[in-house]
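Peer 1: quick one: sequence plus predicted model below, questions after.
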Amino acid sequence: MADVITYREAVAEGLAREMRRDPSVVCLGEDIGAAEGVFKTTVGLFKEFGPERVWDTPISEQAIVGAAMGAAMTGLRPVAEIMFSDFLACCWDYLANEIPKVRYMTGGQVTVPLVVRTANGGGLGFGAQHSQAVENWALAVPGLKIAAPSTPADVVGLLAAAVRSDDPVLFFEHKGLFASRGPAAPPDHLVPLGEATVARPGTDLTVVALASTVPVALAAAEALARDGIFAEVVDLRCLIPLDIRTVLESVGRTSRLLIVEENPYQGGWGGTVASLVADEGFELLDAPIRRVAAACVPLPFADPLEQRVMPTVDKVTAAVRGLAAY
Amino acid sequence: MSAELLDLYERMAVIRGTEKAAHDLFMAGLVKGTTHLAAGHEAVAVGASAALRPDDYVFATYRGHHHAIARGATPEECLAELMSRDTGVCRGKGGSMHLTKASASMLGSYAIVGAHLPMAAGAAWSAKLRGTGQVAVAFFGDGATNIGAFHEALNLAAVWRLPAVFVCENNLYMEYTPIGTVTAVPNPAADRAPAYGLPAEVIDGNDVLVVRDAVARAAQRARGGGGPTVIEARTYRHYGHSRTDPARYRPEGEVAEWLARDPLLVARKAVGDGAAVDAADRRAQATVRRAVEAARAAPPADPAQALTDVWADGGAAWRT
Ligand SMILES: Cc1ncc(C[n+]2csc(CCOP(=O)(O)OP(=O)(O)O)c2C)c(N)n1
Ligand SMILES: [Mg+2]
């Protein structure tokens, strides 16, 4: 195996590892089989595992996720793909009303060990209906675990944890990161759900980021370090379970917090992080908590417009400078 | 006289009696929320159950008391659930609309119209992949045939040739609106089946033996690799849609006509032995009476239960 792989290759690698390990893992989705996925994230799976393990579906988001649920309740570990996360709206009933609730409302009689993978986020000029960062939709529903890796190794490690989890996991793969490269995952790599990581240590301020905003935050931290401002970047990796302890520990060291999120400010996950830190870490803070999030408009198409709406290195850099000087 | 038919009669009588008890307990203030009584639909649940293996999967709707009991949930644990007792079949977390008995492969009652049809397809897919010979059955209302999930599930089950049976309980109404006024075809489920290349039957849903035989044919086809079947069982609910509905929108003549074809009356006539049926009625009443007493005596739901069972580890932790 190569030492460096792309995020896109890591998805297929992570799936293949789990499918080799556990014959009850099956994949289903649109164009994922013979065509190997519209984002080429299932390359090689159909060839290796065949049509009994990798199922091409009709364009039926409700049937895909609903069937995954029924299969998960009856002994399989399905991994369903929803091509673009925007399309989660077409099967939202399953992610809001069915999957997260069935265990609870039956008094624990059933479990739903499934993964719904989906390509999330903007930055590629796909317009308002193919670019949204919708991780905050999922955060609004108790009963779903939510992973959103930022590196190829984390893709593999978190996929392993997600597939092995007896709970339903919504797994956000970031479209803007598919071509990015990073060290390959070691054999048997597993990143437990709900463990954030310090992606870059620093002393002056904590920047909490997720998926696409991790490289944005890292680039900003790199630039700021040249000016003597040392930002610590925390990659949350999961929204549920939310590793707020790692955030609080970091804020304990830095006393300042910036949250960088791609979903809109309105209802974005940073609000929950900010609320927890304000509630439980108020004494640690020497400055207000700030958030850089997407503007509260639909994602526009044109490059300059999309950049205006989404978090960028410039916006993060400016926000860090402001907070550091506070 | 057929011993099997008498047994099916008694099963229906237990369901009828349990629902009557649920109604009375509601009036006595001991059941909160709402109930959707299935009185009138008993033959569908009991007939289908008689045709299925114990490990065949069943998915039902909010109007699902009859399916839960027909598949093995006890009247006591169902009534206890309705009465918010700790001994309820879902420990007080489900209520009337979500009765579930997973240990008997009754995998839930779902209150979003049509949502469980894809789940049943998925359970059938799982059975097929695991090679268990199990069949998955979804029971749903006529109203569910106009929602997308119905069509997505039928198509997927058809193209994947899944061991699924789709049983529509066509009781002629959605909540208050006659299904015929909002549906482009006369038989809302059966007439859609040909679009997915699926066989369909319209049957008398008030005759328990007719239901049993139709489901047995469909299950046999499914187990033999022949794929899914759509069964449209015509039936009628004896009460309104839910607790608060006096059902004034239904013409008197129609109600009388269907009450005369009450599935319990139909089965009573078919048994032929009035004394044997009366004895079955008495046994059913005693079963229900004991269930009501036990449910009444059970402790209330435990508030500590509210923060359990979100995750497979039994807990509800969402953060570190
Ligand atoms: C998606 C959805 N839309 C609307 C409702 C509200 N609702 C509950 S039951 C019902 C009528 C369903 O009719 P039918 O499928 O014929 O079942 P029946 O109640 O007659 O058994 C409606 C509209 C719902 N629960 N779910
Ligand atoms: Mg109806």
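Peer 2: Right, received. Where do you want to start? Ligands and ions are numbered 1, 2, ... in the order given.
Peer 1: what number of residues lie near the residue in the stretch 151-300 of chain A positioned nearest to chain B?
Peer 2: Residue nearest to chain B within the stretch 151-300 of chain A (CB to the nearest CB): A:Asp166, separated by 3.4 Å. (C-beta placed from N, C-alpha, C; glycine too.) Taking other CB atoms under 10 Å in any protein chain shown as the criterion, the count of residues near A:Asp166 is 14.
Peer 1: B:Glu175 now?
Peer 2: B:Glu175 has 14 neighbours, counted by other CB under 10 Å.
Peer 1: list the contacts of the residue of the stretch 151-300 of chain A closest to chain B.
Peer 2: Contacts for A:Asp166 were tallied using CB atoms under 8 Å, 6 or more residues apart in numbering or on different chains; they are A:111, A:113, B:311-313.
Peer 1: please produce JSON lines containing those residues, extended by neighbour count, pLDDT and distance to A:Ala89.
Peer 2: Formatted as JSON lines, the contacts of A:Asp166 follow (neighbours: other CB atoms under 10 Å in any protein chain shown; pLDDT from 0 to 100; distance: CB to CB, whole Å):
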{"residue": "A:Thr111", "neighbour count": "18", "pLDDT": "98", "distance to A:Ala89": "26"}
{"residue": "A:Pro113", "neighbour count": "22", "pLDDT": "98", "distance to A:Ala89": "24"}
{"residue": "B:Trp311", "neighbour count": "22", "pLDDT": "98", "distance to A:Ala89": "25"}
{"residue": "B:Ala312", "neighbour count": "16", "pLDDT": "98", "distance to A:Ala89": "27"}
{"residue": "B:Asp313", "neighbour count": "11", "pLDDT": "98", "distance to A:Ala89": "30"}
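Peer 1: quick check: residues of chain B near ligand 2?
Peer 2: When proximity is defined by CB under 5 Å from the ion, chain B lies next to ligand 2 at B:141-142, B:171.
Peer 1: out of those residues, which is nearest to ligand 1?
Peer 2: B:Gly141 (2.1 Å; CB to the nearest ligand atom).
Peer 1: list the contacts of stretch B:2-11.
Peer 2: So stretch B:2-11 is in contact with B:42, B:46-47, B:49-50, B:69-70, B:208-209, B:212, B:264, B:267-268, B:270-271, B:273, B:276-277, B:280, B:283-284, going by CB under 8 Å, 6+ apart.
Peer 1: then stretch B:121-135?
Peer 2: Here stretch B:121-135 makes contact (CB under 8 Å, 6+ apart) with A:26, A:52, A:63, A:66-76, A:78, B:52-53, B:55-57, B:59, B:105, B:107, B:136, B:153, B:156-157, B:160, B:162-165, B:219, B:222-223, B:228.
Peer 1: now it: average pLDDT?
Peer 2: Stretch B:121-135 shows an average pLDDT of 98 in the prediction.
Peer 1: ok, stretch B:247-257 next?
Peer 2: 96.
Peer 1: for stretch A:296-303, same thing?
Peer 2: What stretch A:296-303 shows for mean pLDDT is 97.
Peer 1: first-to-last residue distance for that stretch?
Peer 2: 17 Å (CA to CA, to the nearest Å).
Peer 1: what's the answer for stretch B:45-58, then?
Peer 2: End-to-end span of stretch B:45-58 (CA to CA): 10 Å.
Peer 1: how about the strands of the chain, start to end?
Peer 2: Since you didn't name a chain, this refers to chain A. Counting by DSSP state E, the segments of chain A that form strands are A:4-6, A:25-29, A:54-56, A:77-84, A:115-120, A:145-147, A:169-174, A:181-183, A:197-200, A:205-209, A:231-235, A:238-240, A:257-264, A:290-294.
Peer 1: hm, I was asking about chain B
Peer 2: Remark: strands assigned in chain B by DSSP E are B:57-61, B:106-110, B:136-141, B:164-170, B:200-204, B:229-234.
Peer 1: partner strands of the longest one, parallel or antiparallel?
Peer 2: This means strand B:164-170. When pairing is defined by DSSP bridges, strand B:164-170 lines up against strand B:136-141 (parallel), strand B:229-234 (parallel).
Peer 1: most packed of those?
Peer 2: Highest mean neighbour count among the strands paired with strand B:164-170 (mean count of other CB atoms under 10 Å in any protein chain shown): strand B:136-141, with a mean of 29.
Peer 1: does it come close to ligand 1?
Peer 2: Yes. Contact check for strand B:136-141 against ligand 1, using CB under 6 Å from any ligand atom: residues in range are B:Gly141.
Peer 1: got the angle for that strand vs strand B:57-61?
Peer 2: 10 degrees (axes from the mean of the first three to the mean of the last three CA atoms, to 10 degrees).
Peer 1: what's around A:Glu214, how many residues?
Peer 2: In this structure residue A:214 is Val, not Glu. 28.
Peer 1: show me the contacts for the closest residue to B:Met12 other than its chain neighbours.
Peer 2: Computed as CB to CB, 6 or more residues apart in numbering or on different chains, the closest residue to B:Met12 that is not its neighbour in sequence is B:Glu42, at 4.0 Å. Applying CB under 8 Å, 6+ apart, we find B:Glu42 in contact with B:11-12, B:15-16, B:66, B:70, B:208, B:263-264.
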